[in-house]
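In: What would the 3D arrangement of this be:
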Amino acid sequence: MTAGAHLDKEGIVMTDFTLSPMILAGFLAHAGAKGLASLPQVANIKKTLIIMIKVRDGLEGRINADGSFSKPIDPETRKKLDNGAALAEEILVKAGVPRNKIFRTTTIAAHPGGTVRIGDVLDNDCRTPITNCYCMDTTVIPEPWGLPPSVTVVAMAKRLAKKLA
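Out: Predicted coordinates for the structure are as follows:
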């Protein structure tokens with residue numbers, strides 16, 4: 001990702017996105033008939049233009065005791081994704097891509113978190129109800145994130161490390 005736009009009012013981030021040929025082939029295969037028809041073009045990845053649409057979703061979801069999970073896409077999030085995809089399609093058309101060559105891949109999740117939130121399961125020092133047990137990763141972020149959390153998690157981990165030292 002080298003360039004993008006944050007459409008704050010719409011709740012959408014758009015950016016270019018580069019994938020290896022193998023990962024792109026997986027996305028194309030999962031995209032259905034149009035994606036499968038595009039598989040031969042993966043060899044010429046230099047002629048592939050991907051626009052990633054990123055939105056902040058809600059905290060709905062569940063992790064089950066058996067390790068399975070459920071993360072539904074609520075109607076508001078789906079609307080943002082669809083609006084972003086429509087904008088991306090118009091950008092591609094204006095860049096000269098024939099509309100019949102444009103397709104959407106599957107929706108994927110990135111930067112999951114919020115399952116062990118500060119203020120809900122954890123106290124302000126990331127302490128769990130279990131004595132001497134702390135949690136520090138993206139799961140502690142108490143609200144929908146929508147952006148890469150690396151810097152935030154490192155800063156929070158340094159704060160916790162100082163406290164524990």
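In: L39 and T2, how far apart?
Out: 26 Å (Cβ to Cβ, to the nearest Å). Glycine gets a C-beta too; all of them are placed from N, C-alpha and C.
In: which sections of the chain are below the confidence cut-off?
Out: By pLDDT under 70, the weakly predicted segments of the chain are 42-44.
In: residue boundaries of the strands in it?
Out: With DSSP state E as the criterion, the chain has strands at 4-7, 12-16, 51-55, 62-63, 69-70.
In: Tell me which of those approaches Y134 most closely.
Out: With Cβ to Cβ as the criterion, Y134 lies closest to strand 62-63 of the strands of the chain, at 18.9 Å.
In: Nearest residue to the spatially most central residue of the chain in space, please, no chain neighbours.
Out: With distances taken as Cα atoms, centre = their mean, A110 lies nearest the centre of the chain, 2.9 Å away. Spatial nearest neighbour of A110, excluding adjacent residues (Cβ to Cβ, 6 or more residues apart in numbering): K54 at 7.3 Å.
In: hey, what's that neighbour bridged with?
Out: Applying DSSP bridges to K54 gives these bridge partners: V13.
In: need the longest helix for this protein.
Out: helix 75-94 (DSSP state H).
In: List the buried residues of that one.
Out: Residues of helix 75-94 classed as buried by neighbour count (16 or more other Cβ atoms under 10 Å): T77, K80, L81, N83, G84, A85, L87, A88, E89, L92.
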